[in-house]
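>>> Sharing a model that was predicted from the sequence below.
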Protein chains: 6
Amino acid sequence: MEMRNLVLVLLVVVAIAAPLSAEEERLEQVNAKTVLVFTPHPDDDLFGAGGTIALLNRNGNKVYVALYTNDDKGSYDPEMTSQRLARIRKAEEEAAEGLLGTPKENLLWMGYDDGMLEYAPQPKLVEEATAIIRRIRPDVLLSIDPGEWYERWHKTDHRMAAFNTIDAVRAAEFWLYFPNQRLQQHLEPYRVPLMFFFYPALQEANYYVNIDSVADLKLEAATKHVSQFEPSIHKYRSDWDPADLARAKEELKQEQPRKDGHYVEPFRRAKGFVQY
Amino acid sequence: MEMRNLVLVLLVVVAIAAPLSAEEERLEQVNAKTVLVFTPHPDDDLFGAGGTIALLNRNGNKVYVALYTNDDKGSYDPEMTSQRLARIRKAEEEAAEGLLGTPKENLLWMGYDDGMLEYAPQPKLVEEATAIIRRIRPDVLLSIDPGEWYERWHKTDHRMAAFNTIDAVRAAEFWLYFPNQRLQQHLEPYRVPLMFFFYPALQEANYYVNIDSVADLKLEAATKHVSQFEPSIHKYRSDWDPADLARAKEELKQEQPRKDGHYVEPFRRAKGFVQY
Amino acid sequence: MEMRNLVLVLLVVVAIAAPLSAEEERLEQVNAKTVLVFTPHPDDDLFGAGGTIALLNRNGNKVYVALYTNDDKGSYDPEMTSQRLARIRKAEEEAAEGLLGTPKENLLWMGYDDGMLEYAPQPKLVEEATAIIRRIRPDVLLSIDPGEWYERWHKTDHRMAAFNTIDAVRAAEFWLYFPNQRLQQHLEPYRVPLMFFFYPALQEANYYVNIDSVADLKLEAATKHVSQFEPSIHKYRSDWDPADLARAKEELKQEQPRKDGHYVEPFRRAKGFVQY
Amino acid sequence: MEMRNLVLVLLVVVAIAAPLSAEEERLEQVNAKTVLVFTPHPDDDLFGAGGTIALLNRNGNKVYVALYTNDDKGSYDPEMTSQRLARIRKAEEEAAEGLLGTPKENLLWMGYDDGMLEYAPQPKLVEEATAIIRRIRPDVLLSIDPGEWYERWHKTDHRMAAFNTIDAVRAAEFWLYFPNQRLQQHLEPYRVPLMFFFYPALQEANYYVNIDSVADLKLEAATKHVSQFEPSIHKYRSDWDPADLARAKEELKQEQPRKDGHYVEPFRRAKGFVQY
Amino acid sequence: MEMRNLVLVLLVVVAIAAPLSAEEERLEQVNAKTVLVFTPHPDDDLFGAGGTIALLNRNGNKVYVALYTNDDKGSYDPEMTSQRLARIRKAEEEAAEGLLGTPKENLLWMGYDDGMLEYAPQPKLVEEATAIIRRIRPDVLLSIDPGEWYERWHKTDHRMAAFNTIDAVRAAEFWLYFPNQRLQQHLEPYRVPLMFFFYPALQEANYYVNIDSVADLKLEAATKHVSQFEPSIHKYRSDWDPADLARAKEELKQEQPRKDGHYVEPFRRAKGFVQY
Amino acid sequence: MEMRNLVLVLLVVVAIAAPLSAEEERLEQVNAKTVLVFTPHPDDDLFGAGGTIALLNRNGNKVYVALYTNDDKGSYDPEMTSQRLARIRKAEEEAAEGLLGTPKENLLWMGYDDGMLEYAPQPKLVEEATAIIRRIRPDVLLSIDPGEWYERWHKTDHRMAAFNTIDAVRAAEFWLYFPNQRLQQHLEPYRVPLMFFFYPALQEANYYVNIDSVADLKLEAATKHVSQFEPSIHKYRSDWDPADLARAKEELKQEQPRKDGHYVEPFRRAKGFVQY
């Protein structure tokens, strides 16, 4: 059904600028629903949407986080090894998401190595994300924005995660994509009704969640990723020196987007795999 | 000959805004020439350029349509199967293009499955499109725009078809690409003189074909793709209920681009595989 | 360390527009340093940054040029063959870079065939570029811009070279990428401090090098690529007819970017694999 | 630990001819253990080891069958489609294995399409089979023989299934193969103690299971695969005409291997991923 | 329908040794039929089955030769290039097969480069060979033996050609393999009734064609491949020095297999994609 | 030049059985020559040909060892990591080969991970081995046997290393394979005159080197691979407990092949990439 692309061509500029209509439920007020977050690494979920995740957990939603990679390469410590770093990163992610209210068993680790997602067998990768969508059947899906901006900095995990997720959203709708999932795993097709993309290009963000009430919590959660901050990223230690911690928090605070005097998380809001 | 890219860098912004010079032949007035359309699915040719195709056929051109995929997945009908849907989609495409004046034998089916073009062996895919160009030797080539906008919505068939076609346009020029085609199939290199990309980003469309005189015909042709509309997309039926048909036509009419009070098809016009 | 992407999201628009701060050393004044240029084909280095390369060589820098492909396809001469064209292109590149002051032994040929870089085994390609960076350890890296604009014209060598280089810049920092390089080849991780991308989109160029003093030299060097100009590109000859040479130079002169009355080479300046 | 290959080289001829030592437990007497069967298609398990499976189920073992493919191509019926055939084949397999005593929930469908296993992404395929082994932790593993003979008839599903399984047996032992399985899925490494390969080359079979007591049951189970017999393979029907059924059973009986007047299933017996 | 493999296992040793039954038509007496020969390089058809091809052409059969590769690498001449060698090899093959009676238009060049068949996209390669079989619909197919012996010397073109052909024989039977061929190219499934494999292992050859009556013709045809003999293979010349020619013929004569005092071509005879 | 395969077919059985002619130089008496050993893992060189290597070093040959993989997975120690194991294995290999007389700088590490060679990009792998052969230009090449027997036990590193090496031997001869090596790296084509395959099938071994004089040295060298023996393979320790060492040596001694009362290393001797 490619006709909708025609619509896309016509409405797309308008759509980007369009305000949310009044009657639409606010993301931060969704409750008792199922939310699925796809993240390339264990921490992009937090940096991109951690405050929103905290709010969604508070509202009684079931939040799942699907993690493409294990983040087993991002250390400057010459004594670090990949198997050890993966173990550290998993524990840090569990601690951070735990603070945001997501239980450990809702973290869905997809098992790819850091920086290698681009080279994964692609139809398989889409098939796996499709199975997750068809099993979780989320009312809302959060993912990294497959928009143009990331493309330019560096292709790899971020870009692949973004594209792969949106490809899976499309495939999940039609049972003839990966029909063995229906036959063998009893996974029925599913149409994702609503999507929010984090890490949007600034000029394309069309939706902002006020996270004032959970800003400190998000900060706290961020610092659970201790291996990713100085000095631990250069010489690993599992805990914080108080001075380092204070400095890290201060920097994070500076970097947290603000809008009209509030801490916000910016998104690009979309419906389905083609936006309009 | 990469030097022309330098020109590209310098002139590109100008080029996009540049009006067609007065002396250039209008696409819709081309006659007795050969036109080759590349389309990812059997219907993008129609939605993107169906009116223009109708005009070109009327003008006595030989129009060929190369179809990358068989569109065998886009149905919500749980009883549908891929082999059956491919058969349906082929018949629908023949009917639709037939209305536009393109004979069935000018449809060049490239044989890929829907949604899987991204995963096809890429040098082979370029090689095949190159062979088509070298054999048909079109005076004008129409294709989906390899521009930035589609990239963002979803990678896959559309993006791959767009890129692959433009890659083949480049390869077709130089016989040292796929030299076995010249040796074994007697296909000489060929330089495509003129290209029009359909589905352009709105802000980059630089060429509009007035299709007022064939708007009804295009509408009629569109509805030959009955499997892609409600209610057939959910529960397949081969014919239309009159009420459904009327509604579908009304919606299609609404979506058809207009400019200055006319129905138009927007394009990005380019010369060769680098534009300037 | 994906946190910096957060910064990226926030600062990116500002960054693009931001003028270089007064205290920053000008690229053209760098001296006694190591410079590494990655180029998709033997001539993109010249067209994109030849003047700058000449200035850097004059300043006593060690300039290395890593060439992804051998350019063995870009001829319309029906008698040409790929092995012969590769030989011609290598000699032309050595002559051209020689004029700019880069010694032949600083040309690092990566051994891929023209137009086939997109289909090279990608992790291997990143691994190879990473090894080059870790061995050369450049103070400044020049490369084709992985920005959005080239994406649209045609994917292939240019795009792949751009993305692959920036991927390698990232991988080079962390020893857990390709750890066998450290173990077996004694290549330590390395962080590239400064990057300039040539062939930028015009609206994104944020840095211009005045090349007035070497404009004629660049012109001279350009014409060493005789196989890429008329009439040699259609019927190869190794030397120039004086009239052809004069015409080629005139055209090249016209195409050379100017800014404020000066010949310039435009760049997008960036620091590290994420820009901010 | 490649040293054992040295042993292999020295002892291999002897090993093949060596009779089982008296004190070794007979496969058909194993009880209250876990048995894992890998089969390329839903029916190779039956034809190769169906009688043995029946005996093992009778002995109170837990038998699991991992099926690489869905067998969605092997029909001459021009009206058949792949999605439909896959559905039929799954039901037939469940019926056949059901008769042998294997419950439906112990069938582990790996989700590949018939005839396409050779082209599956190979490290992924090994990773998946490794995960199955590490989860099921079988005391005995049955699989198609990775021996030389099948190689010659046709490469593809059979060969790939045979090789992939033995590769997975090796990988399963060492946790550094696919370490994310241990970290994320809590799958500990596992060494398969005993393997029997069905479909061995005749001159290499070194183990025979007497299946006299279940020969009729095996025959009955075989005929559950009705779509694979005449006339259903040419024009599908879900049930048997009594005359066809009688003929099919008679042929199957003829083809069932015999040894010393008994119905047997021949195997090549091996220990671990290198045999000695 | 994998059951037949069971038969295979049981009968295979017998089958290899079994004499042809008296009533079977001799290959060399087949007439007015269609014969399809698959060959990895342009000359394996001749060396392996050239005498038989000559006899089959004499008998009024339509003989087609499908050539996987263009043989563009096998020269020691440092001045040779691949495009030139491919041109030479094509002309030599046309001359050689022409002498055997096969018209030039019956040579089906598949377009792969020498030595690279192993790395071709495999499902595509099978798809292409399948299309050839479904279009030619041969009564007899000749191909290089997919048996064990070649495996050991060197994998590559020979092995891949052997396996790919037998895979295509299997796929050709079932329309659900590559169903787009039936839908789009009107190629119906086809079951190859009889196959002869040339280059068999000596101990497995089970069929010998007496080529006494065409032995000189075969010799003459062999020497059309002048580029593959001394001295031309080291320094290309298109013609023969009489002394060189005499020597080459003498050597070829020595190497031609003999049996019971006759020149023969040995084959392994098989029916369908599983032999029994 | 595929004609030689004809010869191969005819002579192969004879060749295998043929005794070395009296006048041929014995491998163990080669001196002042260049020898290149390809090994899949760091220890197969020792187990398969360590005694021979010691003799060759004593004779004043230059011995190089090209190692495909880093052996970073073969440990049962749950605390081991791949980066650490690779480091250990490299040091062990250097110690072991050092004892045999091969200097550390003659070890050519090819940089692949253990168990992943089968999945490496194959044309690249052949290209790399070809470059090594063309650079080293060995008078004698030792490699793992690409014969049939290993195929059956497990495909993977061993099989790939065997096939890849013999493919590279073929490619090395013809400059049109990987012509960029000649153009850019000044590597001229090279024909390997003599090859010995270690780990042959017993019935195909046709050459035995008496290693009595270096048997103890080989034993000593073997025990440098301490991580591969009990107890270190289960719980890593870098040194030996005397009792463990004695036991390991005793077992190794038992496993060392003997012939006519002598310790020997068995080989299959071959000339060039096709044997005859």
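Perfect, I can see it now.
>>> got the residues of the stretch 51-200 of chain A near chain B?
Applying C-beta under 8 Å from any C-beta of the partner chain, we find that the stretch 51-200 of chain A lies next to chain B at A:122-123, A:146-148, A:151, A:163, A:166-167, A:170-171, A:173-177, A:179, A:189. C-betas here are computed from N, CA, C, even on glycine.
>>> Just the strands from the stretch 101-250 of chain A, written as ranges.
A:107-112, A:140-144, A:195-198, A:207-210 (DSSP state E, counting those that start in this stretch).
>>> Specify the stretch among the ones you listed that is closest to F:Glu79.
Closest to F:Glu79 of those, according to C-beta to C-beta: strand A:107-112, at 21.5 Å.
>>> Which other helices and strands does the closest one contact?
In this structure, strand A:107-112 packs against strand A:62-69, helix A:82-100, helix A:122-136, helix D:179-185, with contacts taken as 3 or more C-beta pairs under 8 Å, 6 or more residues apart in numbering or on different chains; DSSP states H and E.
>>> right, so of the strands of the stretch 101-250 of chain A, which gets closest to F:Asp113?
That would be strand A:107-112 among these, by C-beta to C-beta, at 15.7 Å.
>>> how about that closest one as CSV, C-alpha atoms only?
The C-alpha trace of strand A:107-112 is given here as CSV (Å, rounded to 0.1, in the frame of the first residue of the first chain):
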residue,chain,number,x,y,z
LEU,A,107,14.9,-5.0,29.7
LEU,A,108,15.0,-6.9,26.4
TRP,A,109,18.7,-7.4,25.4
MET,A,110,19.0,-8.1,21.7
GLY,A,111,22.5,-9.3,22.0
TYR,A,112,24.5,-7.4,19.5
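>>> quick one: strands adjacent to that strand?
strand A:62-69 (parallel) (DSSP bridges).
>>> re the thing from before, for the strands of the stretch 101-250 of chain A, give me TSV that also has mean neighbour count and mean pLDDT.
Shown next, in TSV, are those (neighbours: other C-beta atoms under 10 Å in any protein chain shown; pLDDT from 0 to 100):
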stretch	mean neighbour count	mean pLDDT
strand A:107-112	21	98
strand A:140-144	27	95
strand A:195-198	26	94
strand A:207-210	19	97
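>>> now those strands in TSV, with distance to C:Pro200?
Converted to TSV, the strands of the stretch 101-250 of chain A look like this (distance: least, C-beta to C-beta, whole Å):
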stretch	distance to C:Pro200
strand A:107-112	32
strand A:140-144	25
strand A:195-198	26
strand A:207-210	31
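>>> How many neighbouring residues does the nearest residue to A:Ala172 once chain neighbours are set aside have?
Spatially, and ignoring its direct neighbours in sequence, A:Ala172 is nearest to A:Ile133 (4.2 Å; C-beta to C-beta, 6 or more residues apart in numbering or on different chains). A:Ile133 is flanked by 24 other residues according to other C-beta atoms under 10 Å in any protein chain shown.
>>> contacting residues around A:Ile133?
The contact partners of A:Ile133, by C-beta atoms under 8 Å, 6 or more residues apart in numbering or on different chains, come to A:36, A:141, A:168-169, A:172, A:190, A:192.
>>> Just the buried ones from those residues?
Using 16 or more other C-beta atoms under 10 Å in any protein chain shown as the burial test, the contacts of A:Ile133 include A:36, A:141, A:168-169, A:172, A:190, A:192 as buried.
>>> now, which of these sits nearest chain B?
A:Val169 (8.1 Å; C-beta to the nearest C-beta).
>>> I figured the closest one hits A:Met195, correct?
Yes - here A:Val169 reaches A:Met195: they are 7.0 Å apart, a contact under C-beta atoms under 8 Å.
>>> Quick one: neighbours of A:Ile166, just the number.
31.
>>> List of residues touching the helix or strand harbouring A:Arg269?
For A:Arg269, the host element (DSSP states H and E) is strand A:262-270. Outside strand A:262-270, the residues that touch it by C-beta under 8 Å, 6+ apart are A:20, A:27, A:48-52, A:142, A:145, A:147, A:194-198, A:200-202, A:204-212, A:215, A:256-259, C:9.
>>> so A:Gly98 sits right up against A:Asn106, yeah?
No - checked against C-beta under 8 Å, the pair A:Gly98 and A:Asn106 is beyond contact range at 10.2 Å.
>>> more neighbours, those two?
Ranked by neighbour count (other C-beta under 10 Å), A:Gly98 and A:Asn106 place A:Asn106 first, with 18 against 14.
>>> I figured that one was touching A:Lys62, is that so?
Yes - look at A:Asn106 against A:Lys62 with C-beta under 8 Å: they come within range, at 7.2 Å.
>>> Spit out the contact partners of A:Val30.
A:56, A:59, A:61, A:139-140 are the contacts of A:Val30 under C-beta under 8 Å, 6+ apart.
>>> again, 7 Å this time
A:56, A:59, A:61, A:140 (C-beta atoms under 7 Å, 6 or more residues apart in numbering or on different chains).
>>> And those, which is closest to chain F?
For the contacts of A:Val30, the nearest to chain F is A:Leu56 (36.7 Å; C-beta to the nearest C-beta).
>>> if I've got this straight, that closest one is in a strand?
No - under DSSP: H, G, I helix; E, B strand; the rest coil, A:Leu56 sits outside any strand and is assigned helix.
>>> overlap between the contacts of A:Val30 and the residues near chain D?
Near chain D, judged by C-beta under 7 Å from any C-beta of the partner chain, there are no entries from those.
>>> And the furthest pair within these?
A:Asn59 and A:Val140 (11.2 Å).
>>> low pLDDT regions in the stretch 51-200 of chain A?
A:147-155 (pLDDT under 70).
>>> Chain D contacts on that one?
A:70, A:83, A:86-87, A:90, A:109, A:111, A:121, A:124, A:179-180, A:183-184.
>>> and the residue nearest to A:Ala222 when sequence neighbours are not counted, what element?
Leaving out its chain neighbours, the residue that sits closest to A:Ala222 by C-beta to C-beta, 6+ apart is A:Leu252, at 5.4 Å. Using DSSP H and E, A:Leu252 maps to helix A:242-255.
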